[in-house]
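next one to model:
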Amino acid sequence: MRVCLASTSPARLMLLRQAGIEPSTRAPEVDEEAVVAALEAAEGRTLPPDEHVLLLARRKAADVVVALTRDEPDFDGIVIGGDSMFAFDGEVLGKPLLPAVAAERWERMRGGTGILHSGHSVFRVRPGASPREAHAVAEAAVTFADDISADEIAAYVATGEPLQVAGAFTVDSLGGAFITRVEGDPSTVVGMSLSTLRRLVRELDVAWTDLWTSAGAS
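Numbers count the residues shown, from 1 in each chain. Just a heads-up that it's a prediction; the model follows:
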């Protein structure tokens with residue numbers, strides 16, 4: 001059973017590999033800001049985080065399904081799309097990009113709890129058949145240590161790790177030492193909930209273990 005990850009995220013790729021799955025990867029060609037803005041304008045409202053991540057996960061996966069159908073008509077397997085957002089004190093925190101922004105966020109988050117929203121979209125693709133799809137959102141509550149010093153924040157920001165990740169933190173690398181509790185599937189915070197993916201795959205009549213590579217399953 002072939003697996004294509006509709007993402008170039010190193011964290012999502014690593015997560016699937018650790019779960020025994022060796023996917024191909026394909027970058028979706030989706031203007032995320034335009035997609036969200038168009039729907040919000042049409043409906044006259046701001047999308048809450050759960051709807052936001054589900055919309056983008058579906059669009060990313062669907063875009064790759066179209067490309068695979070065009071370029072690899074014999075593709076028989078599943079396509080996985082994902083998107084994540086972190087909300088803290090009612091505010092959605094995307095990638096900080098700048099060191100000063102990352103540092104300010106860590107000062108605010110110290111001792112607090114935020115919610116990581118992760119959208120999942122899975123398509124079952126096979127030659128000569130219409131794609132079937134299943135979607136879900138997973139959430140995990142992340143609590144940060146209350147004794148993180150200013151020097152620790154400065155040192156962490158200086159590594160560059162928090163600049164390119166939603167919420168300005170990771171749980172599976174340097175940032176993990178500053179997180180005291182995760183409530184929910186821990187893999188959600190890495191980029192995708194493996195338990196949610198398994199459920200969606202099963203909804204599409206595919207056994208999760210059929211996705212394992214020989215190396216991963218040995």
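
residue 82 pairs with what?
With DSSP bridges as the criterion, residue 82 is bridged to residue 120.

check what pLDDT it gets.
What the model reports for residue 82 is a pLDDT of 96.

what about it, neighbour count?
Residue 82 is flanked by 26 other residues according to other CB atoms under 10 Å. (Glycine included, C-beta is placed from N, CA and C.)

show me the helices in this protein, by range?
10-18, 32-43, 49-71, 99-109, 150-158, 187-190, 194-203, 214-217 (DSSP state H).

please convert those to CSV, extending it with distance to residue 115 and mean pLDDT.
Shown next, in CSV, are the helices of the chain (distance: least, CB to CB, whole Å; pLDDT from 0 to 100):
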stretch, distance to residue 115, mean pLDDT
helix 10-18, 18, 93
helix 32-43, 19, 94
helix 49-71, 8, 96
helix 99-109, 12, 96
helix 150-158, 21, 97
helix 187-190, 10, 92
helix 194-203, 15, 98
helix 214-217, 31, 50
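
pretty sure residue 166 contacts residue 95?
Yes - judged on CB atoms under 8 Å, residue 166 makes contact with residue 95 at a distance of 6.0 Å.

which of these two has more neighbours?
In this view residue 166 and residue 95 are compared by other CB under 10 Å, and residue 166 has more residues nearby, 23 against 15.

got the contact list for that one?
The neighbours of residue 166, taking CB atoms under 8 Å, 6 or more residues apart in numbering as the test, are 84-86, 93-95, 116.

any idea how far it is from residue 208?
26 Å (CB to CB, to the nearest Å).

if we can go back for a sec, out of the contacts of residue 166, who's nearest residue 75?
When the contacts of residue 166 are compared for distance to residue 75 (CB to CB), residue 84 wins out at 25.8 Å.
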